[in-house]
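> Model the structure of this input:
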Amino acid sequence: MPHKLLVSSLNAAIALSLSTTAMAKDADKVERNFEQITVIGSQAAINDIPGSATFISDAELQKFEFTDISRVLASVPGVYVQEEDGYGLRPNIGMRGTGTGRNDKISVMEDGVLVAPAPYSAPSAYYFPTMGRMESIEVLKGAASVKYGPRTTGGVLNLLSRSLPTEPNSSTGMLDAALGSDGYYKGHAYFAKEKNNTAGLIEVFSYGADGFKELPVGDDNTGFEKNDVLVKFGHTFGENDAHNIEFKVKYSEETSDETYMGLTDADYQQNPYRRYAASQNDEMNTRHNAYQVNYAYRFGEGYEVLATAYLNDFHRNWYKASSVGSSTLEQYSEFEANPTAAGIENIGVKANNRDYQAKGVQSELHIPAGDHYITVGVRYHEDEMDRFQWEDKYTLNQDLSMTLTSQGAPGSNSNRLDSAKASTLFIQDEWTMDALVVSAGLRYEDITITREEWAKSDPTRSLGLTKDISNDTEILVPSLGATYTLNDNVTLLAGIQKGYAPAAPGNADQDEEESVNIEFGSRFNAGGFNGEVIAFYSDYDNMHGNCTASVGCNDDNIGDQYNYGEVEVSGFEFSAGRTFNTASVAFPVKLTYTYTDSEFKNTFDSEIWGSVEKGDAMPYVPENQVALSFGAEVNNFVVNSQIRYVSDAHADLTNSGLNAIDSRVVWDLAAKYLIDENQKVYLSVDNLFDKTYIANRANGGIQPGKPRSVQMGYSYSF
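Residues are numbered from 1 along each chain as shown. Predicted coordinates for the structure are as follows:
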C-alpha cells in the first residue's frame, strides 16, 4: 500500500472509531457488562495463543501479598528482572535476552495502554504502575506480541487494574492494612457498586518504608512513600447491552530517598547496606496522572468495535549526586574513614527535572468470517519528554553534613525536548482448520522522532534551537504463528516474527533495531500437570543500547542510543504445575525454568557495557533461572513458599565485570489464617534466610538486594 494511501486510511479509521484497545478473542468478554482491556483474558484463553503466555490471577497474586513486581515475575519463564531499590519501585525488566535496562525493550501496559512516560521518544524513562493495586498480570511473548508494539522483540507485560463489578445491583469492597520491617506500612481499600447497568469504583493504595540502607548522618531515612488513587465509572446501554463505555482516572505520587550511588567491593563486604554521606540529599519526587476512556460496541454475529482514548502526564525530579563512578566512590569511602577539615568540594547534585506526556487513540475491529477471525487495529500516538535540568554544588564537611555552595540555574544542565508521532495499522487473520489454527499478522508503523535542543544558557528558550534532529521511519513487521491441538492433553505451537525497535534521534547515524525471532514448543495438561515447554531463538542484525544514568552514562550522552551490531540469543522455557490433594490437605506445586544463551557476534567499545569481545554474553542476562513454589492448604490455614535461583551474570564486559553479579538463592514465605469468608490475617517474609546478594553494579558501584523483611496484615472484604 502506498504511503499516502496508508496514512489516509489510518486517519480515516481513527476519526471513525476514536481509539484502540489491546484485546484477545475470549468468549468470557462477550458476556461482560464492563470492559476489561486484556491481552490474554484468562487462563483458559492461553491455548489459543501461538506463543508463550502467562496469566497471573488475583488469587495467585494474593498468595504472597507481593507489592514488588520483581517477585511476582520471578515465576514467569523467559523474564529477567534486575532489581534496583529493593521495593520494586523502578524495576528493570527484559524478556528472552533483550536486556533489562528500564524496561526499554518490552511493551509495558496498564489496561491495554502503553504506560511508559514516553514509549517512543524516551523508552528508558522510568515509571512503573503500583503493583499492589493490580487485579491480574499478563505476560505474552513470541509471534502473538507483535500487534502491541512499538518494540516487538521481547514481549508484552500488561497489568490489569481492578475491574468494575458485573453482577446486577451488587457491591464489593475491601480493607487491607499491614505493618512490617524497616517502618514498612501498607493501606489498601476499595469500594465498587453496580446498579441498573451503571457501575463505579474508587480505590486507594498507600504504602512506604523507612528503607533498609544506612546513612551515617541525618535522619537515616532511605525509604519511600507512594500513594495511588483510582476511580472508574462504567455504563452499558442499547439493545441487548450492545454498547459499553468506561471512564478511568488515576493519580499517583511518590517521594523516595533513593540514590544511584552504590558501594565499592570492600565496603560492600564490610556492610552491604551502607550508603555514603554524599548521597544524603538524594531524593526522587514524582507525580502521575492518567485518563482513559474505553468504548465497546458488539453487533451482528460476534462483531466487535473496541476503542480507547488515553492521556498520561508524568513529572519527575530526581535530585541526586551526579558523579557516582568507581573512582568517586573510593574518594567518598576514604573521606568517611578519615574526614578532614577541608572536606570534599564541588560535589554535583543534579536536579533531573523532566516532564513527560503520552496521548493517543486506538481502535480494533473484530470480524468473524467463517473459519477466519480477523482483527484490524489502528493507533495514533504522540509523546514527549521535556528535560529542564540543573546541577547544584555542595561541600561534604568534616562532620559529614553537606553545605550548598552554588545553585545551578534551571535548564543549565539539560534543556531539550524529545518528541514522537506514530501512526500504526495492524491486521491479523486467525484461520481455524479443525485442530490447526494459523495466525498471520502484519504491523505497519510510520514514526517520526524529533530532538529539539536549546542552549543551556537560554532557560526561556527564546534564542532559537541549537540542535534539531529528526528520524523518520516506516516499517512493516510481519508475524506468523500456529497452534495444533494434538489431543485433549497436548497443544503444539510455533511462530516466527520480525523484532523491531525505532531509532532514537540522538545520533544522526542511528539505525533501527531489527531481529528475526523464532519459537516452537508445546503446552500440556496431563496427569494433573499443566504447563509448557518452548524453545526460542533471536537473531539481531542490530541491537540497540540505550544510554541512561542508571547504566553509568554521563550528562552529555544520557538519552542517546547506540548501534551494537549482531547478537544471537537462544534458550528454552519450561513451566509445570499441579495441586496434589489428600483428604484434608491441598499441596499446590509449580516449577519454572529458563535457560538463555546470549552472544555478541562482533567486537566493539561500548558506552554502556565497556569493551565487548565477540562471543561475550549479554550483561544482566543469567544463563539459568529457576523458581519453585509450593504450599499447603489445610482447613483455614494456608502456607506458600517460593524459592528463586538466578545464576551469575555479567554486569559490564570489561575484565573486572565478567560474572560480577553472583548467583543466588532467595526464599520468600507467606502464611495466612482465614478467620471467616470475609476476613483473614496474614504474614509474609521476603528473603526468609536473609541472603545477602548483589542486585546490580550499574554505576560502577554495588546496589544490594533487599534483606529479610517481615510484614503482618489484616484484610476484610465483602
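
> OK, contacts around the residue nearest in space to the middle of the chain?
Nearest to the centroid of the C-alpha atoms of the chain, with distances taken as Cα atoms, centre = their mean, sits residue 108, at 4.9 Å. The neighbours of residue 108, taking Cβ atoms under 8 Å, 6 or more residues apart in numbering as the test, are 93, 114, 115, 116, 128, 157, 159. (Glycine included, C-beta is placed from N, CA and C.)

> how far away is the fourth one from residue 447?
When distances are taken as Cβ to Cβ, to the nearest Å, residue 116 and residue 447 turn out to be 15 Å apart.

> Could you say which helix or strand holds the residue nearest to the centre of the chain?
Here residue 108, judged by DSSP states H and E, is contained in strand 107-110.

> before we move on, what about residue 514?
With DSSP H and E as the test, residue 514 turns up in strand 513-526.

> Now find how far off-centre that strand is within its chain.
Its chain's average C-alpha position is 21 Å from that of strand 513-526, according to Cα atoms, centre = their mean, to the nearest Å.

> who does it touch, helix- and strand-wise?
Judged by 3 or more Cβ pairs under 8 Å, 6 or more residues apart in numbering; DSSP states H and E, the packing partners of strand 513-526 are strand 490-501, strand 529-542.

> quick one: buried residues of it?
Buried residues in strand 513-526, counted by 16 or more other Cβ atoms under 10 Å: 513, 514, 515, 517, 518, 519, 520, 521, 522, 523, 524.

> Ok, stretch 442-455 next?
442-454.

> List just the nearest of those to residue 717.
Using Cβ to Cβ, residue 443 is the member of these that lies nearest residue 717, at 41.2 Å.

> Which residue, neighbours along the chain excluded, lies closest to the closest one?
residue 477 (4.2 Å; Cβ to Cβ, 6 or more residues apart in numbering).

> For that neighbour, which residues are in contact?
So residue 477 contacts 146, 149, 152, 442, 443, 444, 445, 497, 498, 500 (Cβ under 8 Å, 6+ apart).

> residue ranges of the helices in the chain, please?
3-17, 27-30, 58-64, 69-72, 265-270, 326-337 (DSSP state H).

> Quick check: neighbours of the strand holding residue 514 in the sheet, parallel or antiparallel?
Strand pairing for strand 513-526, determined by DSSP bridges: strand 490-501 (antiparallel), strand 529-542 (antiparallel).

> Which residue comes closest to residue 468 once chain neighbours are left out?
Per Cβ to Cβ, 6+ apart, closest to residue 468 is residue 452, 5.6 Å.

> from memory that neighbour sits against residue 417, does it?
Yes. Using Cβ atoms under 8 Å, residue 452 is in contact with residue 417, at 4.8 Å.

> For residue 524, give the beta-bridge partners.
With DSSP bridges as the criterion, residue 524 is bridged to residue 490, residue 531.

> can you pull out the strands in the stretch 251-400 of the chain?
283-299, 303-321, 344-369, 372-396 (DSSP state E, counting those that start in this stretch).

> Against which helices or strands is the shortest one packed?
Using 3+ Cβ pairs under 8 Å, 6+ apart as the contact definition, the elements that strand 283-299 packs against are strand 243-256, strand 303-321.

> low pLDDT regions in the stretch 201-350 of the chain?
Applying pLDDT under 70 to the stretch 201-350 of the chain picks out no residues at all.

> on that earlier part again, which pair in the buried residues of stretch 442-455 has the greatest spatial separation?
Maximum pairwise distance among these (Cβ to Cβ): 40.1 Å, between 442 and 454.

> ok, residue 80 - contacts?
With Cβ under 8 Å, 6+ apart, residue 80 has these contacts: 93, 94, 95, 100, 596, 620, 621, 622, 625.

> Between those residues, which sits nearest residue 713?
Of the contacts of residue 80, the one sitting nearest to residue 713 (Cβ to Cβ) turns out to be residue 93, at 26.4 Å.

> Just give the closest residue to the closest one, not the sequence neighbours.
Once flanking residues are discounted, residue 93 sits nearest to residue 103: 4.8 Å by Cβ to Cβ, 6+ apart.

> hmm, back to that, quickly compare the helices and strands packed on strand 513-526 and say which is most buried.
Greatest average neighbour count among these goes to strand 490-501 (a mean of 22), per mean count of other Cβ atoms under 10 Å.

> CA-only coordinates of it, as PDB, when you get a sec.
The C-alpha coordinates for strand 490-501 follow below in PDB (Å, rounded to 0.1, in the frame of the first residue of the first chain):
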ATOM      1  CA  VAL A 490      -1.200 -31.600  24.200                       C
ATOM      2  CA  THR A 491      -1.100 -28.500  22.000                       C
ATOM      3  CA  LEU A 492       1.800 -27.800  19.700                       C
ATOM      4  CA  LEU A 493       2.800 -24.300  18.800                       C
ATOM      5  CA  ALA A 494       5.300 -22.500  16.600                       C
ATOM      6  CA  GLY A 495       5.900 -18.900  15.500                       C
ATOM      7  CA  ILE A 496       8.200 -16.500  13.600                       C
ATOM      8  CA  GLN A 497       8.200 -12.800  13.800                       C
ATOM      9  CA  LYS A 498      10.200  -9.700  13.000                       C
ATOM     10  CA  GLY A 499      11.600  -7.900  16.000                       C
ATOM     11  CA  TYR A 500      11.800  -4.200  15.800                       C
ATOM     12  CA  ALA A 501      12.500  -1.100  17.800                       C
END
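
> residues near residue 409, how many?
By the measure other Cβ atoms under 10 Å, the count of residues near residue 409 is 11.

> My guess is it contacts residue 455. True?
No. Between residue 409 and residue 455 no contact is recorded; they are 11.8 Å apart, counting by Cβ under 8 Å.

> low-confidence ranges in the chain?
1-37, 41-42, 44, 506-510, 544-563, 607-609, 653-659, 699-700.

> Looking at the buried residues of strand 513-526, which is nearest residue 203?
residue 523 (34.0 Å).

> quick one, what contacts the closest one?
Contacts of residue 523 (Cβ under 8 Å, 6+ apart): 46, 47, 490, 491, 493, 530, 531, 532.

> Against residue 483, how distant is the nearest residue to the last one once chain neighbours are set aside?
What it means is residue 532. Excluding its sequence neighbours, the residue lying closest to residue 532 (Cβ to Cβ, 6+ apart) is residue 523, at 4.5 Å. As judged by Cβ to Cβ, residue 523 and residue 483 stand 8 Å apart.
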